[in-house]
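Participant: Let's see this in three dimensions:
(chains A and B)
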Amino acid sequence: MANPSAVCNGHLHHHHHQKQNNILKSGIYKKNGITKGMKKNGVSNGTLHKKTITEHFEQAPMYVAVLTFLGFGVGTIFGYLRDFMRAWGLEKRNVAAEREQQKDFVPLYQDFENFYTRNLYMRIRDNWNRPICSVPGPQFDLMERVTDDYNWTFRFTGRTIKNVINMGSYNYLGFAETDVNALKTVTIELQKYGTGICSTRQEMGTLDKHVELEKLVAKFLGVEDAMVFGMGFATNSMNIPALVGKGCLILSDELNHTSLVLGARLSGATIRIFKHNNMQSLEKLLRDAIIYGQPRSRRAWRKILILVEGIYSMEGSIVRLPEIVSLKKKYKAYLYLDEAHSIGAVGATGRGVVEYFGMSPDDVDVLMGTFTKSFGAAGGYIAGKKDLVDFLRTHSHSAVYATSMCPPVAEQIIRAMKCLMGLDGTTQGLQRVRQLGKNTRYFRRRLHEMGFIIYGNDDSPVVPLLLYMPGKIGAFARRMLEKNIGVVVVGFPATPITESRARFCVSAAHTREMLDTRGLKADVSGLFHSRCSSQRTKIW
Amino acid sequence: MDIKSLKNYLYWLYCQFELITCSYLMEPWEKLLFYTFNITMLVMVLYTAYIFVPVHISTAFQFFLHLLGNQHENTYHENLE
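Facilitator: Numbering: from 1, shown residues only, chains lettered A, B, ... in the order given. Reported below is the predicted structural model:
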């Protein structure tokens, strides 16, 4: 997946001077003694900020691609063999099948996805949906389960596997904890409010806790106002239809999350896709949109909305925010930034990609994020100007019909955010953010030194390790579990069919020893011969 | 020591083969089928090579020798003329 515009041979060099931020915020800066206004023309990378983006999307050597296809070929042949045996009654049928009376109807289970599920996914199904029985902190306990008939059914042995190192939870800042002292306020609120709200925001579901939380979120992000919702996925899928409708244009990134895609489709607007993080593709689409207008009537579009994410969870890449903002200002479009994975995880004080690039939150029209990942709670928020949030309070589907966030969860977010901002009197929040940054860099460097192919930006805590071959997906996850490390492996259909990967999520709660164990144990996967990176000798 | 590291290396190679051709995922009877097919094919190819390669090489050798030999004779006769 070589994306020439994303690979940049540069040294990462970071300037986080307060002065720099202030100057950028005001939009004027001195260069060579001449004061310049904000650049209005041209897409520039590097003049508005001093950060060079280093992202890796290395392509595997040719033999790996050939072997992957070979593996899939063998799997497909055996899939056809098994289907044949099932159809002719030589083997017991465990799959979903149509009823006898419906045999002449349009077939339901003959497409590729069902074939893939029956014959390839079922063989390695034991690596997903593993039930855990403790809090998903840096370590957790797994319930042991075995299968007697090759993953068609499971049974629990009754034992639990203790202290499995957790490399799969989105616990970036380590707020998923059960420490009694930390959760004191949450316990008080639980006893005061109970657990249920039993109403929607617009009826009787707005509590003083929600008002307090919304004010805190707005203060945290540096915007005028914010609104919180009970579910992160629903924040996207229910609010995008409220913001755009028919006659509007949505420009969405190739690799956007399902919630954004669903929200865009539900809205009824026209959707155009641009290549992942590719500014030339986006600019071309913008120009075409403005020059040609709506498809048949050639009228101007009512609104143009650009949908991007802060960190893409399958790639680990970070959005090129400065360029998108300059594009949006030039062509007068709106920007919707989904910071599900990046809020709390990047930036000097954990305020997301906006702070990471040193930009002002006024540049982004709609800031959206979730509390599921870095804050150890559940729910989502939308923040921005007060007019926008007031509009959403009346027009959002989620506000009208969906139950609002429950008070203990709101209190958990409040305490996590206060800790992050330093309002609880300690520097614990900042320490967590720093620890996450250190862990991320260390982990990426170690994996890179071992020669694995890693995708994504050097600062993103989401680390996808490419496995490519279908046989390795199951084998990797199982071996890691044997070594007491729990990982998440992903294959088709969440990723392209030839690029299956193992995705690690680094957490601030991981200690150096845990990461080392992980690193050394990954050496065992020399067995997997995934070390096909040609950049072994690159020194950071 | 050498035997042990050799055995480890062979085991590693076998694991690689299993992973790459997805035979790690197969049930035992499928593996049997797959390996039988592969080994049969391999044995047939080797047998064919054993029977036919020497004959082919000697035929080719003779052909080239004949070609070169002819040239030699022609030039020899020309020189004589």
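Participant: got the contact list for stretch A:272-279?
Facilitator: A:3, A:5-6, A:43, A:55, A:249-255, A:281-282, A:285, A:289, A:312, A:315, A:317, A:319-320, A:323-324, A:327 (C-beta atoms under 8 Å, 6 or more residues apart in numbering or on different chains). Where C-beta positions appear, they are placed from N, C-alpha and C, glycine not excepted.
Participant: need the residues of chain B near chain A, please.
Facilitator: Proximity of chain B to chain A is confined to B:12, B:15-16, B:18-27, B:30, B:34 under the rule C-beta under 8 Å from any C-beta of the partner chain.
Participant: Need the buried ones from the contacts of stretch A:272-279 selected in PyMOL.
Facilitator: The PyMOL command for the buried members of these (criterion: 16 or more other C-beta atoms under 10 Å in any protein chain shown) is given here:
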select buried, chain A and resi 6+43+55+249+250+251+252+253+255+281+282+285+289+312+315+317+319+320+323+324+327
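Participant: Who are the packing partners of the top helix by length along chain B?
Facilitator: Secondary structure of chain B read by DSSP state H shows that its longest helix is helix B:28-80. Helix B:28-80 sits against helix A:62-87, with contacts defined as 3 or more C-beta pairs under 8 Å, 6 or more residues apart in numbering or on different chains; DSSP states H and E.
Participant: Buried residues, the helix it packs on. List them.
Facilitator: Under 16+ other C-beta under 10 Å, the buried positions of helix A:62-87 are A:64, A:67-68, A:71-72, A:74-76, A:78-79, A:82-83, A:86.
Participant: residues from chain A in reach of chain B?
Facilitator: So chain A meets chain B at A:67, A:70-72, A:74-75, A:78, A:81, A:120, A:123-124, A:150, A:469-472, A:474-475, A:527-529 (C-beta under 8 Å from any C-beta).
Participant: which intervals of the chain have sub-threshold pLDDT?
Facilitator: Went with chain A since none was named. For chain A, applying pLDDT under 70 flags the ranges A:1-53, A:517-540.
Participant: that's the other chain; I wanted chain B
Facilitator: B:1, B:72-81.
Participant: Buried ones in stretch A:120-129, by neighbour count?
Facilitator: A:120, A:121, A:122, A:123, A:124, A:125, A:126, A:127.
Participant: Out of these, flag the one nearest to residue A:334.
Facilitator: residue A:121 (39.3 Å; C-beta to C-beta).
Participant: Which PyMOL command selects the buried ones in the residues of chain B next to chain A?
Facilitator: Buried residues among the residues of chain B next to chain A (16+ other C-beta under 10 Å), as a PyMOL selection:
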select buried, chain B and resi 18+19+20+21+22+23+24+25+26+30+34
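Participant: Sitting in helices, which of the residues of chain B next to chain A do you find?
Facilitator: Checked against DSSP H, those include these in helices: B:12, B:15, B:16, B:18, B:19, B:20, B:30, B:34.
Participant: Just want the phi and psi numbers for the nearest residue to the fifth one once chain neighbours are set aside.
Facilitator: In space, not counting the residues next to it along the chain, residue B:19 is nearest to residue A:471; the distance is 4.2 Å by C-beta to C-beta, 6 or more residues apart in numbering or on different chains. Reported as degrees, to the nearest 10, the phi and psi values for residue A:471 are phi -70, psi -30.
Participant: just the helices in the stretch 1-150 of chain A please.
Facilitator: A:18-26, A:62-87, A:112-116 (DSSP state H, counting those that start in this stretch).
Participant: Got the phi and psi for the residue most central in space within chain A?
Facilitator: Geometric centre of chain A, nearest residue: residue A:313, 3.2 Å, by C-alpha atoms, centre = their mean. The phi/psi pair for residue A:313 (degrees, to the nearest 10) reads phi -80, psi -20.
Participant: what's the answer for residue A:161, then?
Facilitator: phi -90, psi 120.
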